[in-house]
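1. here's a sequence, model it:
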Amino acid sequence: MKLTVNLGANSYPIYIKNNILSQVDTYIHEAFRGRKIMIISDDIVYPIYGEALTARLADWECYHIVLPHGEQTKDFQTLPQVYEAMAEAHFTRTDMIIALGGGVIGDLAGFAASTYMRGIKLVQIPTSLLAQVDSSVGGKVAVDLPQGKNLIGAFYQPSLVLIDPTVLDTLSERFIIDGMGEVVKYGCIEDAELFETLASHTSFKDLKKVLPEVITRCVDIKREIVEEDQFDTGRRMLLNFGHTLAHAIEQHFNYQMQIHGEAVAIGMYQITRIAEERGLTEAGTAERILNVLNIYRLPHKCGLPLGSLTKAISLDKKNMHGTLNLVLLHDIGNSYAEPSSLQFFDEPKRMI
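-> Sure, this is the predicted structure:
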């Protein structure tokens with residue numbers, strides 16, 4: 001399956017195909033005419049796929065950086081290691097980075113590509129379900145600060161995205177579950193039929209027989225939204241459903257408790273509960289979300305008082321001119337941005 005993100009001069013193809021990594025050189029030749037490639041990966045993914053990928057890239061001068069896995073790596077202080085490795089290898093603006101890994105590696109490598117020599121080519125090869133359905137597409141790249149997640153970032157589109165669903169076979173169960181948080185999000189915000197497909201299965205194992213189609217549908221939704229709103233000033237905000245609470249939860253626990261998709265699941269359910277109570281979402285919607293979260297063993301609460309998260313929420317990137325643009329649902333498959341404020345979360349003792 002080939003999809004194309006049509007953004008004029010910044011357009012690029014997305015290929016979704018089983019075992020596509022065994023043909024990676026063919027696709028790289030289409031996208032890249034330079035000489036050097038830097039593979040940025042982590043200490044879980046690179047030992048599985050790094051050597052095979054490098055062998056397929058024999059036509060180029062290849063280097064690699066292997067970073068510790070986990071959100072802690074997506075830190076502003078990690079960037080100098082990446083820049084120094086490229087400088088020592090004499091990388092120029094005609095060379096390229098390949099991000100081989102999940103969302104953390106994709107975001108960090110993408111930000112490095114956007115800033116090294118004011119921008120070099122980038123290829124995303126996502127190896128987690130979350131990265132395949134969401135973060136590898138659309139050009140959002142970023143690193144974290146102690147004050148909040150993704151506070152240092154840019155919009156920088158890749159030249160190519162290669163998605164191989166078979167690599168998910170090497171993921172631990174927790175990271176499959178994590179990715180399902182973003183899959184459920186797409187059904188909630190844009191596609192009631194996708195949501196019903198998810199609800200009609202009994203587990204991820206049961207869903208796996210249609211997984212390539214599910215991945216393709218999620219990517220196609222994101223492609224269409226990004227084409228309409230590349231820079232996140234309008235409709236693209238809808239992709240952040242659940243994220244206002246999720247990012248605050250992740251930061252509260254210093255990225256040591258819930259991983260991103262788990263936190264998104266909590267955020268989607270909890271914000272929908274609040275919205276229902278305030279008449280902003282159709283009654284029963286939160287219960288429908290909860291039922292799907294249970295099927296895929298995603299969490300729906302984290303045991304924190306809401307008041308402990310308001311400081312982090314105030315730094316949310318959708319907080320503009322004192323207005324917090326919350327992403328809510330009218331009902332399943334029908335989302336909208338609601339201009340609000342921190343008062344929406346003014347129940348400090350409420351447990352979420």
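
2. residue 254: neighbour count?
-> 10 (other C-beta atoms under 10 Å). No exception for glycine: its C-beta is placed from N, CA and C like everyone else's.

3. contact partners for it?
-> Contacts of residue 254 were listed using C-beta atoms under 8 Å, 6 or more residues apart in numbering, and none were found.

4. can you do 10 Å?
-> Counting by C-beta atoms under 10 Å, 6 or more residues apart in numbering, residue 254 makes contact with 71-72, 146.

5. confirm that it sits in a strand.
-> No. Counting by DSSP: H, G, I helix; E, B strand; the rest coil, residue 254 is not part of a strand but coil.

6. for it, give me the pLDDT.
-> According to the prediction, residue 254 has pLDDT 86.

7. quick one on the thing from earlier: top of the contacts of residue 254 by neighbour count?
-> Neighbour count (other C-beta under 10 Å) singles out residue 71 as the most crowded of those, with 18 neighbours.

8. my guess is that residue contacts residue 261. True?
-> No. The pair residue 71 and residue 261 does not pass the contact test of C-beta atoms under 10 Å, sitting 11.9 Å apart.

9. filter the contacts of residue 254 down to the ones in strands?
-> Secondary structure of the contacts of residue 254 is defined by DSSP state E; no position falls in strands.

10. out of the residues you listed, which one sits closest to residue 182?
-> Of all these, the one sitting nearest residue 182 is residue 71; the distance, using C-beta to C-beta, is 15.2 Å.

11. OK, contacts around that closest one?
-> With contacts taken as C-beta under 10 Å, 6+ apart, residue 71 has the following neighbours: 103-104, 107, 144, 149, 250-251, 254-256, 259-260.

12. how near is it to residue 339?
-> Residue 71 sits 30 Å away from residue 339, taking C-beta to C-beta, to the nearest Å as the criterion.

13. ok, residue 263 next?
-> Shown here: residue 263 relative to residue 339, a distance of 24 Å by C-beta to C-beta.

14. ok, these two, which is more surrounded?
-> Using other C-beta under 10 Å as the criterion, residue 263 and residue 339 rank with residue 263 on top: 28 against 10.

15. so what's that one scoring on pLDDT?
-> Reported pLDDT for residue 263: 97.

16. before we move on, which element is it in?
-> Per DSSP states H and E, residue 263 falls inside helix 260-277.

17. do the same with residue 336
-> When elements are assigned from DSSP H and E, residue 336 belongs to strand 334-340.

18. for residue 161, same thing?
-> Using DSSP H and E, residue 161 falls within strand 160-163.

19. next one: residue 42 from residue 308, what distance?
-> From residue 42 across to residue 308, the span is 30 Å (C-beta to C-beta).

20. any residues in contact with both of residue 71 and residue 261?
-> With contacts taken as C-beta under 10 Å, 6+ apart, residue 71 and residue 261 have residue 103 as neighbours in common.

21. residues contacting the nearest residue to residue 270 once chain neighbours are set aside?
-> Once its chain neighbours are removed from consideration, residue 270 has its nearest residue in residue 352; the separation is 4.5 Å (C-beta to C-beta, 6 or more residues apart in numbering). Under the criterion of C-beta under 10 Å, 6+ apart, the contact list for residue 352 reads 245, 248-249, 266-267, 269-271, 273-274, 300-306, 308-309, 345.
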